[in-house]
Structures are given as structure tokens and as C-alpha cells.
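# Give me a 3D structure for the following:
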Amino acid sequence: QVQLVESGGGFVQAGGSLRLSCAASGRTWNSYIMGWFRQAPGKEREFVAHINRSGGMNYGDSAKGRFTISIDNAKNSAYLEMNSLKPEDTAVYYCAARPPGSGTYFSGTAYDSWGQGTQVTVSS
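A predicted model of the protein is given here:
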């Protein structure tokens, strides 16, 4: 497992932008694959984005065209750039990591490391 700490959440008006950061630590960090999930009150956890070590990215339907996931190996960090935010994006956002070959990228059960979450609130 790796240790993950998110930051960058906050309150923003609709149409605004936020950048979430995920600081990782652990000796296996460089081999892990990163993802972002979110969970709104009363709803199930939702896949947001994923990036593998080859730079391949996948996005959930709600994130396509508005969110961008990236990774900086030198800083042991992953990021989620969120633009054109909508009130329905309001949720707790979680950074997650999984070892290669552990399962499908959009399934939370494939990830064995999770951050504590950061709240994103988008007002209308």
C-alpha cells in the first residue's frame, strides 16, 4: 500500500475551477496506478478519472471534457484539474492507488490505498 493525502478542495461557484492534489508516499509508489473517485451525500461512490504509468487516461462520463488527471513522479503527486464545475460535482473527492494488474480501473475495489478525502462544494 501507499499513503495518500488529498488537498485543494473547497467552495466554488458554478463555472469555476479547482485543482485537487494527492501527495503519495511509500516505497511502492512509483509502481502504483492512480485514480480519483467521488461520493456525494446519499449516493454511491463514483469513478472520476484514472491514469496509468504509460500516461493512459480514462474518465467517468461526468468528468469527460471538463476534468484532467495528471501525475508528477518527481513530486510523488497526482492531480485532478476540474473546470466548468457544476453543482452536481459537489462531493467528497478521494485519491486512490492500486497495484498494476489489480483489476479494472473504474472499480473502487481494485484500489488498496485511499486518501482521507477532500470536500468540493459547487454553488449555483
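
# mind listing what the closest residue to Gln1 other than its chain neighbours touches?
Spatial nearest neighbour of Gln1, excluding adjacent residues (Cβ to Cβ, 6 or more residues apart in numbering): Ser113 at 4.6 Å. In short, each C-beta sits where N, CA and C put it, glycine included. By Cβ atoms under 8 Å, 6 or more residues apart in numbering, Ser113 lies in contact with Gln1, Val2, Gln3, Leu4, Gly26, Tyr32, Ala96, Ala97, Arg98.

# Out of those residues, name the ones that lie in strands.
Judged by DSSP state E, strands contain the following of the contacts of Ser113: Gln3, Leu4, Ala96, Ala97, Arg98.

# Pro100 - that's part of a helix, no?
No - looking at Pro100 with DSSP: H, G, I helix; E, B strand; the rest coil, it is coil, so not inside a helix.

# Would you mind listing the residues in contact with it?
Taking Cβ under 8 Å, 6+ apart as the test, what Pro100 contacts is Ser31, Tyr32, Ile33, Arg53.

# any idea how far Gly103 is from Met57?
Met57 is 17 Å from Gly103, where distance means Cβ to Cβ, to the nearest Å.

# Mind listing the residues bridging to the residue nearest the centre of the chain?
Most central in the chain under Cα atoms, centre = their mean is Trp36, positioned 2.1 Å from the mean C-alpha point. Note on Trp36: beta-bridge partners by DSSP bridges are Ala49, Cys95.
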